[in-house]
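Visitor: here is my input, please return the structure:
(3 chains)
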Amino acid sequence: MSAQKPVLHVDSLVVEYGGRAAFRAVDGVSFDIAAGEVLALVGESGCGKSSTARAVIGMEKPRSGEVLYRDRPVQPLGMRTRPAELTAIQMVFQDPNSSLNPRIRVAQQIAEGSRAARARGVDTEAPSHWLKAVGLSPTLENRYPYQLSGGQRQRVAIARALAAKPDLIVADEPISALDASAQASVAGMMRELCVASGAAMLFISHDLSVVRLMADRVAVMYRGRIVESGATPVVWANPVHPYTEALLDAIPHPDGEGVLPAAPASEAPSSWRTDIPEALDRVR
Amino acid sequence: MSAALAIRDLRVELGQGKRNRTEVVKGISLDLVPGRIQGLAGESGSGKSMTAMAILGLLPAGGTASGSIVLGGAGKAEVELVGMTGGAYRRVRGKRIGMVFQDPSASLHPQITVGSQLADGMRAHLGLSRADARTRAAELLALVRVPNPEEALQKYPHQFSGGQRQRIAIAIALACEPEVLLADEPTTALDVTVQAGILHLLRDLATERDLAVLLVTHDLGVMSAIADEVAVMRGGQIVESGSRQQVFQNPQHPYTRELLEAMPDAQDSLVDAPAESGPALGAPAPDADAADTEENR
Amino acid sequence: MNLVVPEKLAPRRRRFWLPRAWRTPLAVVGTVIALMWIVIAILAPWIAPHDPLAQDLPRLAAPSGEAIMGTDVNGRDVFSRLLLGAQATIPLALMLVVCAMIVGTVVGAVAGYLGGWFDEVLMRITDMVMAFPTVILAMVIAASLGPSIMNAVIAGIIVAWPPYARITRSLVLGLRTQNYVIAGRLLGSSPLRSLLRDVLPNIAGPVLVLASLDIGTAILLLSGLSFLGLGAQPPTPEWGTMIAAAMQNTSAWWLGLFPGLAILSIVMAFNFIGDSLRDALDPLAAREREAEAPTAVSAAAATGEVAA
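Guide: Coordinates of the predicted model:
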């Protein structure tokens, strides 16, 4: 890992929803991502990982805490146009069906990404180049989204994000709507494209098995807090926090042995709520 | 042991009207044996869900099934399900075949108490009195390991977690003591820690109650955890079937091998690879729908 | 890997709803009638047998070979006045609807997209206008502006725009959070560009349905105001004023019948069109069409399968 400044610096992020009876979705989350690095944020439904992603790109206004992109605060996406420098932050969404404008052809949508790159003074390639990069045939470029399958649409959405030559890609469950057989390969492709271009990636997923394949570091979230984090092989091989252990033990492995994954004793054991400082930022 | 449900050369056609029909299930045969879980694996479009719908008589408007689906094992009345009328199907569904679907919120009525939802089926199919049905409902909730069954009877579905709702859906499926249980992606919508508990429950129920279970899922991990036999579907046909161990550890068909190789568990982490310093892109992951683009060139 | 993926079976989207709307007989009938009237409205001066303002025919004559729809109390040919009446009413009704649609859509889009204070103020104004019964409000406005056909149109626009604002706002609210809209903002689109490029084109459908249903209402409103003396003024031939004149000569049945039938036919025609458009856009009906859609696409996919 380089000694350069991180591309993304998140410090004590708190995101709340609702007025008086506010629900705290993210409860003090901090992490950095360096250039060319993939950090995976994993956890189950309701843990706050999507809210974190939305706060990072500016879709949600945090209650408190900082989100700094290259030392610059990320302004919320309100009524103001996003300044050109911040278009280097791009997002890939979970649902391929709502990620593309139904009335505009594929090539034009990818070209929007290119336009953003050029507005920043960064060189970028034609849409057909990006289609090939994500494994699609360039002949698809004149199609409308409804003429593509869900998997193809998701790849187009990825191509559009990449065409903008981002420094930071936030991917919110980008593979969960794809066929199981395509998930690992698309995740791997995203990692390779990211690393090759030197971008940083925040990869949100509930699927630890896929994350193991393509994330340099992983942070496990539970009820709005990061309970364990560190280098992926380390966390995977030797989890410290009870929740991480439970999460890993619950994964069924397709080895044909008929082994049932371990089920936690109850739906939310109190041991999962403990804070274990040693579980954070693990390198071994 | 004779099959509780025997499917022979089942074909399912979809489409409205006489023209433009598509065959989505192209002649499959399968047996469901009491006490054993038969897995039906496949990706979207393989026809596995349509197979389940054909068994339940719940094909979309215009869909037709042909072939044979015989319900009834040792000591039970034999019934041919293909071609059965809607009224007759209503007597079979719920009473002799139970069903559990992916989304528990869709199976449970939001404005009726859990106790009533359990009791209604029992009173209709089994003719139980209100008091007996209530007692049995509490027993069923205990069977599916919902905490505090007596209190739970008075609650509404939204007061339970997703995992608990699925347990309730399973209880409803089992209320009338069916011979067969059909589970279509029963844990796909659940968190992995919650899924583990449901898998244990399904496995125990199948064994303890001699249920013949058809487990339809695309998730090979789930399949490997609880299925005894596995059939792999693709394009409306079964391309491979056998015991779980055979199919997972010694797959014969290239498609099965592809599916298994695509699993994250089967792959090496990219993170261990040395840092790339070359030109931008290596070979990108191929588009699974490339065949579609080929024929459109 | 060669996997058949049913996402390709997604229903064909809005590109095709327009032709589908014309599959019902009612829609075809409606379109034919509406087109006929539009042609009449354009060509009226050349196809009318008599000068609609000339008072040279026998007065209050029943329909005959000379005047196939009879003559009015001033000796003018009813048929010619009917044809010219189309020219008076239809273009103005269309203009009324288009203007109301534009005003309402802008108000609703701004309220929906910007939210907050803009939303509150604009929607309260909308509510205030909608609180009045439409015809009464139109009458009041037309009367205070002075009786003329243009003032009637202005009054009509003022009462007609709120439903467009309501529907546009709710559609925009729904679309504002769509991922592709957000993706556009992340790529540096200004809120205006986002609205014009990503949101408005995708809400055109329901708005156009409302407009097509509104045309009939607009015609009724303009005729109604003219009937009351607040719209077209004599001697301009207009269906509403013709019916008003008929009230004074009830024994001359031809005076009121033909303009009444004209209004009836054109309002029904536009209603048929609007209904068909609405059904074509209906998401429930779309699900039934989905069951048809698999046929064409998965047949192709199936052959792709076999070839692989």
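Visitor: where does pLDDT dip in the chain?
Guide: With no chain named, the answer covers chain A. A:1-3 (pLDDT under 70).
Visitor: wait, I meant chain B there
Guide: Where chain B drops to pLDDT under 70, the residues are B:1, B:272-297.
Visitor: find the closest residue to chain A in it.
Guide: Proximity of chain B to chain A (C-beta to the nearest C-beta) peaks at residue B:248, 2.6 Å away. Any C-beta I mention is one placed from the backbone N, CA and C, and that applies to glycine too.
Visitor: for the stretch 1-150 of chain B, what lies in contact range of chain C?
Guide: B:14-16, B:20-22, B:24, B:43-46, B:60-62 (C-beta under 8 Å from any C-beta of the partner chain).
Visitor: closest one of those to residue B:214?
Guide: Using C-beta to C-beta, residue B:46 is the member of these that sits closest to residue B:214, with 14.5 Å.
Visitor: show the contacting residues for the spatially closest residue to residue C:239 that is not a sequence neighbour.
Guide: Nearest residue to residue C:239, sequence neighbours excluded (C-beta to C-beta, 6 or more residues apart in numbering or on different chains): residue C:259, at 4.1 Å. Going by C-beta atoms under 8 Å, 6 or more residues apart in numbering or on different chains, residue C:259 touches C:82, C:85, C:239, C:240, C:242, C:243, C:246.
Visitor: buried among those residues? Need that as a selection in PyMOL.
Guide: This is the PyMOL syntax for the buried subset of the contacts of residue C:259, where burial follows 16 or more other C-beta atoms under 10 Å in any protein chain shown:
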select buried, chain C and resi 82+85+239+240+242+243+246
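Visitor: returning to what we had before: now the residues of the stretch 1-150 of chain B next to chain C as a markdown table including secondary structure, neighbour count and distance to chain A?
Guide: Output for the residues of the stretch 1-150 of chain B next to chain C, formatted as a markdown table (DSSP: H, G, I helix; E, B strand; the rest coil; neighbours: other C-beta atoms under 10 Å in any protein chain shown; distance: C-beta to the nearest C-beta, whole Å):
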| residue | secondary structure | neighbour count | distance to chain A |
| --- | --- | --- | --- |
| B:14 | strand | 22 | 18 |
| B:15 | coil | 23 | 20 |
| B:16 | coil | 16 | 21 |
| B:20 | coil | 15 | 19 |
| B:21 | coil | 17 | 22 |
| B:22 | strand | 19 | 17 |
| B:24 | strand | 27 | 17 |
| B:43 | coil | 24 | 5 |
| B:44 | coil | 19 | 6 |
| B:45 | coil | 27 | 9 |
| B:46 | coil | 27 | 10 |
| B:60 | coil | 15 | 20 |
| B:61 | coil | 9 | 23 |
| B:62 | coil | 16 | 23 |
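Visitor: name the nearest of the residues you listed relative to residue C:218.
Guide: Looking across the residues of the stretch 1-150 of chain B next to chain C and measuring by C-beta to C-beta, the closest to residue C:218 is residue B:16, at 38.2 Å.
Visitor: I'd say that closest one and residue B:62 touch.
Guide: Yes - using C-beta atoms under 8 Å, residue B:16 is in contact with residue B:62, at 4.0 Å.
Visitor: picking up where we left off before, quickly find the element holding the residue of chain B closest to chain A.
Guide: With secondary structure defined by DSSP states H and E, residue B:248 is part of helix B:244-249.
Visitor: can I get the CA coordinates of that helix in PDB?
Guide: Extracted in PDB, the C-alpha atoms of helix B:244-249 (Å, rounded to 0.1, in the frame of the first residue of the first chain):
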ATOM      1  CA  ARG B 244     -25.600 -34.600  -4.500                       C
ATOM      2  CA  GLN B 245     -22.100 -36.000  -4.200                       C
ATOM      3  CA  GLN B 246     -22.000 -37.200  -7.700                       C
ATOM      4  CA  VAL B 247     -23.200 -34.000  -9.300                       C
ATOM      5  CA  PHE B 248     -21.000 -31.700  -7.200                       C
ATOM      6  CA  GLN B 249     -17.900 -33.800  -7.000                       C
END
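Visitor: need the residues of the stretch 1-150 of chain A near chain B, please.
Guide: A:44, A:45, A:132, A:133, A:134, A:135, A:136, A:137, A:139, A:140, A:148, A:149.
Visitor: so what's the second one up against?
Guide: Contact criterion C-beta under 8 Å, 6+ apart gives A:206, B:162, B:191 as the residues in contact with residue A:45.
Visitor: who wins on neighbours among those?
Guide: residue B:191 (20 neighbours; other C-beta atoms under 10 Å in any protein chain shown).
Visitor: the nearest residue to it once chain neighbours are set aside and residue C:134, how far apart?
Guide: Spatial nearest neighbour of residue B:191, chain neighbours left out: residue A:44 (3.8 Å); criterion: C-beta to C-beta, 6+ apart. Going from residue A:44 to residue C:134 by C-beta to C-beta, to the nearest Å gives 53 Å.
Visitor: again with residue A:83
Guide: Distance from residue A:83 to residue C:134, by C-beta to C-beta: 46 Å.
Visitor: same check, this time on residue C:268
Guide: Residue C:268 is 20 Å from residue C:134, by C-beta to C-beta.
Visitor: quick revisit: okay, residue A:83 and residue C:134: which has more neighbours?
Guide: residue C:134 (18 against 12).
Visitor: contacts only, for that one.
Guide: Counting by C-beta under 8 Å, 6+ apart, residue C:134 has contacts C:159, C:160, C:221.
Visitor: quick revisit: packing partners of the helix holding residue B:248?
Guide: Helices and strands touching helix B:244-249, as assessed by 3 or more C-beta pairs under 8 Å, 6 or more residues apart in numbering or on different chains; DSSP states H and E, comprise helix B:220-226, strand B:229-234.
Visitor: switch those over to CSV; also include distance to chain C and mean neighbour count.
Guide: Output for the helices and strands packed on helix B:244-249, formatted as CSV (distance: least, C-beta to the nearest C-beta, whole Å; neighbours: other C-beta atoms under 10 Å in any protein chain shown):
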stretch, distance to chain C, mean neighbour count
helix B:220-226, 14, 26
strand B:229-234, 8, 24
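Visitor: want to throw those into CSV with distance to chain A?
Guide: Formatted as CSV, the helices and strands packed on helix B:244-249 follow (distance: least, C-beta to the nearest C-beta, whole Å):
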stretch, distance to chain A
helix B:220-226, 4
strand B:229-234, 8
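Visitor: now those as JSON lines including distance to residue A:59?
Guide: JSON lines is the format used below for the helices and strands packed on helix B:244-249 (distance: least, C-beta to C-beta, whole Å):
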{"stretch": "helix B:220-226", "distance to residue A:59": "32"}
{"stretch": "strand B:229-234", "distance to residue A:59": "40"}
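Visitor: just to be sure, residue B:147 is in a strand?
Guide: No - counting by DSSP: H, G, I helix; E, B strand; the rest coil, residue B:147 is not found in a strand; it is coil.
Visitor: residue C:278: neighbour count?
Guide: So residue C:278, with other C-beta under 10 Å, has 18 neighbours.
Visitor: and it, what is it in contact with?
Guide: Contacts for residue C:278 (C-beta under 8 Å, 6+ apart) come out as C:209, C:213.
Visitor: my read is it is in a helix, agree?
Guide: Yes - per three-state DSSP, residue C:278 lies within a helix segment.
Visitor: what packs against the longest helix seen in chain B?
Guide: When chain B is scanned for its longest helix (criterion: DSSP state H), the result is helix B:192-208. If you count contacts as 3+ C-beta pairs under 8 Å, 6+ apart, helix B:192-208 packs onto helix A:242-249, strand B:37-41, helix B:162-174, strand B:180-184, strand B:212-217, helix B:220-226.
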